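>>> below is the structure, and that's it, no one-letter string:
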């Protein structure tokens, strides 16, 4: 059985996290530096809370999937999560690349703040993809709601003592 999530689902589910972080980043940009740090931390907490609650909700509504057996299954599952998370991380990388290009052309530094801000948001959304998947797919596995062929990632069957 495969996971109920595809790349598009995970990207769509992580978009609210980007919006939450954007909201708090905008708030942090209109106050003094010391207060801005607190607002950014508050944004991370709100994004984390959203991701956890949404992950638990999704865990209740999706069919449970078995823990992958063997290295191939583990890698396949990680690639599946890395693709949508990678979209967000790639966006952050592109922003930094544009900033580097901008700086090499001698364009004013005010773009640096924008690059850091957008990268913070994109990186947060990328991390949220992984956390959301881990909770939504992992929680039913931890609860024992799925058939598990083995006891560990090699698929070894537990010994009967």
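Yep, it's here. Predicted model only: the values in this text are computed from it and were never measured. Numbers count the residues shown, from 1 in each chain.
>>> ok, now how distant is residue 17 from residue 142?
Per Cβ to Cβ, to the nearest Å, residue 17 is found 23 Å from residue 142. Yep, even glycine has a C-beta here, placed from its N, CA and C like the rest.
>>> so which of those two has more stuff around it?
Using other Cβ atoms under 10 Å, the more surrounded residue of residue 17 and residue 142 is residue 17, with 26 against 11.
>>> check contacts around that one.
Neighbouring residues of residue 17 by Cβ atoms under 8 Å, 6 or more residues apart in numbering: 47, 50, 51, 124, 125, 128.
>>> in this protein, where's the longest helix?
Counting residues, the longest helix found in the chain (DSSP state H) is helix 70-104.
>>> elements contacting that helix?
When contacts are defined as 3 or more Cβ pairs under 8 Å, 6 or more residues apart in numbering; DSSP states H and E, helix 70-104 packs onto helix 7-28, helix 110-142.
>>> mean pLDDT lowest where, among the ones you listed?
Mean pLDDT is lowest for helix 110-142 among the helices and strands packed on helix 70-104, at a mean of 88.
>>> report the buried residues of that helix.
Buried positions in helix 110-142, judged by neighbour count with 16 or more other Cβ atoms under 10 Å: 115, 117-133, 135-137, 139-140.
>>> for stretch 68-77, same thing?
68, 69, 77.
>>> now, among those residues, which is nearest to residue 33?
Taking Cβ to Cβ as the measure, residue 33 lies nearest residue 77 of the buried residues of stretch 68-77, at 41.2 Å.
>>> from memory the closest one sits against residue 66, does it?
No - in terms of Cβ atoms under 8 Å, residue 77 does not count as a neighbour of residue 66; the distance is 10.6 Å.
>>> need the residues touching each of these two.
With Cβ under 8 Å, 6+ apart, residue 77 and residue 66 have no common neighbours.
>>> what's the neighbour count on the nearest residue to residue 7 once chain neighbours are set aside?
Leaving out its chain neighbours, the residue that sits closest to residue 7 by Cβ to Cβ, 6 or more residues apart in numbering is residue 84, at 4.6 Å. Here the number of neighbours of residue 84 (other Cβ under 10 Å) works out to 24.
>>> you'd agree residue 84 is up against residue 90?
No - using Cβ under 8 Å as the test, residue 84 is too far from residue 90 to be in contact (10.6 Å).
>>> quick check: the nearest residue to residue 133 once chain neighbours are set aside vs residue 114, distance?
Spatial nearest neighbour of residue 133, chain neighbours left out: residue 81 (4.8 Å); criterion: Cβ to Cβ, 6+ apart. Going from residue 81 to residue 114 by Cβ to Cβ gives 29 Å.
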